[in-house]
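Student: Fold the following, please.
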Amino acid sequence: MITHFKLRILASAVTMMAVLHPAAGHSAPAAAGDTTQADTTQMDHISVQATGSGAPVILIPGLASPRAVYDGIVPAIDATHRVYTVQVNGFGGGDPGKNLAPGILDGIVADLDAFMAANKLSGAAVVGHSMGGLVGLMLAKAHPDDVGKLMVVDALPYVGDIFVPGATVAQIEPQAKAIRDRMVASYPTPDAAQAKATAAGMALTPAAQAKVAAWVTAADARVSGQAMYEDMTTDLRPDMAAIATPITLVYPFSAQLPKERADAFYRAEYATAPNVTFVPVADSAHFVMLDQPAAFAEAVETFLK
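Tutor: Residues are numbered from 1 along each chain as shown. Below you'll find the predicted structure:
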């Protein structure tokens, strides 16, 4: 099982090349499901696009992913919710802003907290995929009043457990540095073949793989590399018991990763968290929302209720 996870993350890592300071102008509020006229706020490390009206929901994408990773659910949930979709500067073809310096993950958390304070979003529902799930856990740890409930989509408190179970950050750091340096060195010329290979390990369906490959290619490899390094060297295992925020963990299983093995792995990783609901999704890989959009939408709807 660990070999499966390691190969999946290593393929992704090696070949992939995330105080309020609003800068962008604001447009009129968008109609439900209409993201073309969304309110957008540009910040140091992220931009936030808002649509719909109602109780707040914050959607955070993962490594190298644009906000479009959530396109399948936004039109449904912004009919009844005010949906804030995040994008990390440097992903989705955007300008990297301050994400060319170390401190990307802490910067994202700080921007989110400042944005939520400015917009009075205390207690919002937060959904985070992959690196975005780690950011959600970091936000719940540092600012527990910000997060009313958290959905984590295929993310771990410490990704180092994939490489060496029980490893310390010091043991993983040399490998994380090497991966970062290889990714950064690929800038500015993306390798389409490597992006395609990465996508094949992260999604099951051809359509999903094509989207992931395009997103990997569009991301700034300098940002992806540093963000991957910070993801690999962030260890929240000692903090999980103190995170009282209700967590819904969505995770994949498939023929490549049978359900009983996935169940055992994810439950062990979140064993010390006091309030976790486990939601396995069949016939999916890391990009659950692309491989199984209906099942993912149902999971989000249940979570928001």
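
Student: hey, let's count contacts and neighbours off CA atoms from now on
Tutor: Fine.

Student: CA atoms only: put the longest helix seen in the chain into CSV for me.
Tutor: The single longest helix within the chain, with elements called by DSSP state H, is helix 169-185. Taking Å, rounded to 0.1, in the frame of the first residue of the first chain, the C-alpha atoms of helix 169-185 are listed here in CSV:
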residue,chain,number,x,y,z
VAL,A,169,10.7,16.1,9.0
ALA,A,170,14.5,15.9,9.3
GLN,A,171,14.5,12.5,7.5
ILE,A,172,12.2,13.7,4.7
GLU,A,173,13.8,17.2,4.2
PRO,A,174,16.7,16.2,1.9
GLN,A,175,14.3,14.4,-0.4
ALA,A,176,11.9,17.3,-0.3
LYS,A,177,14.7,19.7,-1.2
ALA,A,178,15.8,17.6,-4.1
ILE,A,179,12.3,17.4,-5.5
ARG,A,180,11.8,21.1,-5.1
ASP,A,181,15.1,21.9,-6.9
ARG,A,182,14.2,19.6,-9.8
MET,A,183,10.8,21.2,-10.2
VAL,A,184,12.1,24.7,-10.0
ALA,A,185,14.9,23.9,-12.6
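
Student: Mind giving me the packing neighbours of that helix?
Tutor: With contacts defined as 3 or more Cα pairs under 8 Å, 6 or more residues apart in numbering; DSSP states H and E, the packing partners of helix 169-185 are helix 2-15, helix 160-163, helix 221-232.

Student: ok and it relative to helix 221-232, angle-wise?
Tutor: Angle between the axes of helix 169-185 and helix 221-232 is 170 degrees (criterion: axes from the mean of the first three to the mean of the last three Cα atoms, to 10 degrees).

Student: I'd like to know the average pLDDT value across helix 169-185.
Tutor: For helix 169-185, the mean pLDDT works out to 96.

Student: Equivalent analysis for stretch 123-130, please.
Tutor: Mean predicted confidence for stretch 123-130 is 98.

Student: Can you name every helix or strand that the following helix or strand past the longest helix of the chain contacts?
Tutor: Going down the chain from helix 169-185, the next helix or strand is helix 192-202, by DSSP states H and E. Counting contacts by 3+ Cα pairs under 8 Å, 6+ apart, helix 192-202 is packed against helix 2-15, helix 206-218.

Student: Any idea which of the helices and strands packed on helix 169-185 has the lowest pLDDT on average?
Tutor: Averaging pLDDT over each of the helices and strands packed on helix 169-185 singles out helix 2-15 as the lowest, with a mean of 40.

Student: Strands of this structure, residue ranges please.
Tutor: Listed in chain order, the strands of the chain (DSSP state E) span 39-42, 46-52, 55-60, 81-88, 124-129, 147-153, 247-253, 276-282.

Student: how about TSV for those, with distance to residue 197 and mean neighbour count added?
Tutor: Below are the strands of the chain laid out as TSV (distance: least, Cα to Cα, whole Å; neighbours: other Cα atoms under 10 Å):
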stretch	distance to residue 197	mean neighbour count
strand 39-42	32	20
strand 46-52	28	24
strand 55-60	24	23
strand 81-88	23	25
strand 124-129	20	24
strand 147-153	22	24
strand 247-253	19	23
strand 276-282	22	17
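
Student: Relative to residue 111, which of those strands is closest?
Tutor: Set against residue 111 and scored by Cα to Cα, those come closest in strand 46-52, at 7.1 Å.

Student: so what does that closest one touch, helix or strand wise?
Tutor: Strand 46-52 packs on strand 39-42, strand 81-88, going by 3+ Cα pairs under 8 Å, 6+ apart.

Student: Switch these over to CSV; also include distance to residue 211.
Tutor: As requested, the helices and strands packed on strand 46-52 are exported to CSV (distance: least, Cα to Cα, whole Å):
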stretch, distance to residue 211
strand 39-42, 23
strand 81-88, 16
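
Student: can you redo those as JSON lines with mean pLDDT and distance to residue 286?
Tutor: JSON lines is the format used below for those (pLDDT from 0 to 100; distance: least, Cα to Cα, whole Å):
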{"stretch": "strand 39-42", "mean pLDDT": "96", "distance to residue 286": "28"}
{"stretch": "strand 81-88", "mean pLDDT": "98", "distance to residue 286": "19"}
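
Student: right, and these - which one's nearest residue 184?
Tutor: strand 81-88 (16.7 Å).
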